[in-house]
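> have a look at this prediction, sequence included:
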Amino acid sequence: MKTAVSALPTRTSVAPLLVPALLACYVIWGSTYLAIRFALQGFPPFFQMASRFLVAGGLLIGWVLWRDGVAGLPTRRQWLHALVIGGLMLGGGMGLIAQAEVHISSGLIATFVAVVPMMVSAWGLLFGKRPTGLELAGMGVGLIGVIMLAHGSGVAAKPEGVALVAASTACWSLGSVLSTNKFPLAPGVAGFASEMLCGGVLLMALAVATREQPPAWPLMPVPTLAWLYLVVFGSVVAFCAYMYLLAHASAAVATSYAFVNPVIALLLGVAIGAERVATWEWTATGVVLAGVVLIFLGKRAVGRGKT
C-alpha cells in the first residue's frame, strides 16, 4: 500500500504541512476505533465498512478522474491486485475489526491491532525475509504483551472477540506484505481508491451473505455522524495525510502512528466512550508498544545498512 518516496527531506528543510499531517494520522486513525463503535449503533458491521469504503473510494477515484482523466485510472492488472489487497486488508482486516467491536472495547482492539508490524515481519519469512535480532526480540516482547492483554478482564471473557481481532490482524498484515511483494497497487491516490472500491464490494457481498439489514430510516444522528466521520476523515483526509508523509518524511516518521494510535484510542475510549481499562491492560499495552518499537528499530537498522 505504501508508495515510493520520491525524495527524503534534508535536515535543513521541513515540509510545511509535516506536523499537521502527522497529527491527522495520529488523532484521526486513533479515533476511528471509537467512531466504529458509535456507528455500530445504527450500521451493522459489514454494511458499515462496505458503505464507508465504497463512498470514500468513489470520492477518491472521482478526484483522480478530474485531475488525470481516464489515463490516471489503474490498469486491469492493478485492479486485480486491488481486489486481492482490498479483500484482505479491508474485507478481512477492517470488516472483522467492526465485528470484533461488538464484543471488545475500541481501545483494547486498537492495542491488539498494534501487533500488525510483528505479524508483517512473521509473514515476511514466507518471502525469504529473515528478521533481524531486534525484530525477533520485538516479536517476542509483543507476543508477551498480547498474552497479557488476552488475560485482562476486558478481554478474557470474550474469546469470540479475540478470535475476530486475531483473524483481522492476520488478514491486514498479509495484505501489507503482498502489496509490496506480489500484488503492487497503482501509485498514489488511484491505488488507495481502487483498494477501497474493491474492498467495499467484497464487504457488501459479506453483508448480503450474512443477511445484515441496512439502517432504518430516519437515520439516527450519532451513528450517522460517526459514519460520516469515518468516510471523510478516516478514509479520505487521513489517507491523504499519510501519502503526504510518505512523500515528505522518512518511513520511520510516516509509520510512527503505530506507536501513538493505541494510546489515543484507549484515552478516547475512556474519556468519551466510558470504556474501562484496567491497570493490567495499560501495562500490557506498554509491553505491546515496546515490541513495536523494537521491530521498527530493527527495520531502521537494516535500512541504514543498505544506504
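The structure has been received and is ready for your questions.
> tally up the residues packed near Glu101, please.
Neighbour count for Glu101, taken as other Cβ atoms under 10 Å: 24. (C-beta placed from N, C-alpha, C; glycine too.)
> go on, Thr210?
12.
> and Gly269, helix, strand or coil?
Assigned by DSSP: H, G, I helix; E, B strand; the rest coil, the conformation of Gly269 is helix.
> so the residue lying closest to Met119 once chain neighbours are set aside, which state does it fall into?
Spatial nearest neighbour of Met119, excluding adjacent residues (Cβ to Cβ, 6 or more residues apart in numbering): Ser173 at 3.6 Å. Classification of Ser173 by three-state DSSP places it in helix.
> and Ser173, how many neighbours?
Residue neighbour count, defined by other Cβ under 10 Å, stands at 24 for Ser173.
> list the buried residues for the helix of greatest length in the chain?
With secondary structure taken from DSSP state H, the chain has its longest helix at helix 279-306. Across helix 279-306, burial judged by 16 or more other Cβ atoms under 10 Å covers 281, 284-285, 287-299.
> stretch 121-129 too?
Result for stretch 121-129 [16+ other Cβ under 10 Å]: buried residues Ser121, Ala122, Trp123, Gly124.
> the stretch 1-150 of the chain: helices as residue ranges?
18-39, 45-68, 76-86, 95-100, 106-113, 116-124, 133-150 (DSSP state H, counting those that start in this stretch).
> could you dump the ones you listed to TSV with mean pLDDT and distance to Phe183?
Formatted as TSV, the helices of the stretch 1-150 of the chain follow (pLDDT from 0 to 100; distance: least, Cβ to Cβ, whole Å):
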stretch	mean pLDDT	distance to Phe183
helix 18-39	90	23
helix 45-68	95	17
helix 76-86	95	4
helix 95-100	93	19
helix 106-113	80	22
helix 116-124	77	13
helix 133-150	79	23
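> what's the most buried one of those?
Among these, helix 106-113 has the highest mean neighbour count (mean count of other Cβ atoms under 10 Å), at a mean of 27.
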